[in-house]
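Visitor: Quick one, fold the following:
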Amino acid sequence: MAGRPDRAAGVKAEKAGRPLLPWLGRACRQAREERNVVQVRIAAAIEVNQATIARFEEGIAWPRQPEEVLMAYASELDMDVRLLWV
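Guide: You can find the predicted model right below:
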């Protein structure tokens with residue numbers, strides 16, 4: 001690992017760069033569920049498949065347009081997008 005400061009010891013390279021994915025996905029899911037909004041509604045707001053939202057919330061895949069996804073949550077949940085980060 002000497003000379004490779006971009007990699008964390010014991011962590012695969014593809015996982016090292018995505019520490020926020022599971023955390024942010026869970027935060028979005030929690031906010032959505034607290035407001036009784038279904039994933040399909042978030043997906044429809046940005047014209048993606050519901051599975052895209054499910055994978056994001058599960059921490060499996062980062063959306064291609066993460067800013068657009070977060071803004072859809074904020075809009076559909078009628079909340080300030082910054083609250084998804086706290």
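Visitor: Mind checking which residue lies nearest the centre of the protein?
Guide: residue 25 (3.6 Å; CA atoms, centre = their mean).
Visitor: What is the subsequent helix or strand relative to the strand or helix carrying it?
Guide: Assigned by DSSP states H and E, residue 25 belongs to helix 20-34. Moving toward the C-terminus from helix 20-34, the next helix or strand (DSSP H and E) is helix 39-45.
Visitor: In the chain, where is pLDDT below threshold?
Guide: 1-18 (pLDDT under 70).
Visitor: switch to 50 and redo it
Guide: In the predicted model, the chain carries pLDDT under 50 at residues 1, 4-17.
Visitor: what about residue 62, neighbour count?
Guide: 15 (other CB atoms under 10 Å). Any C-beta I mention is one placed from the backbone N, CA and C, and that applies to glycine too.
Visitor: Now it. Nearest residue, chain neighbours left out?
Guide: Take residue 62 and drop its neighbours on the chain: the residue closest to it by CB to CB, 6 or more residues apart in numbering is residue 21, 5.4 Å away.
Visitor: so what's the one you found up against?
Guide: 56, 59, 62 (CB atoms under 8 Å, 6 or more residues apart in numbering).
Visitor: Run a quick check on the last one versus residue 56, I expect a contact.
Guide: Yes - A contact is recorded between residue 62 and residue 56 when judged using CB atoms under 8 Å, the distance being 7.2 Å.
Visitor: tell me which residues in the helix or strand hosting residue 57 are buried?
Guide: Residue 57 belongs to helix 50-58 when assigned by DSSP H and E. The neighbour-count check on helix 50-58 (16 or more other CB atoms under 10 Å) flags 52, 53, 55, 56, 57 as buried.
Visitor: Tell me the spacing between the first one and residue 19.
Guide: Separation of residue 52 from residue 19 (CB to CB, to the nearest Å) stands at 21 Å.
Visitor: same check, this time on residue 72
Guide: Taking CB to CB, one finds residue 72 at 23 Å from residue 19.
Visitor: Check residue 35 too.
Guide: Taken as CB to CB, the span from residue 35 to residue 19 is 26 Å.
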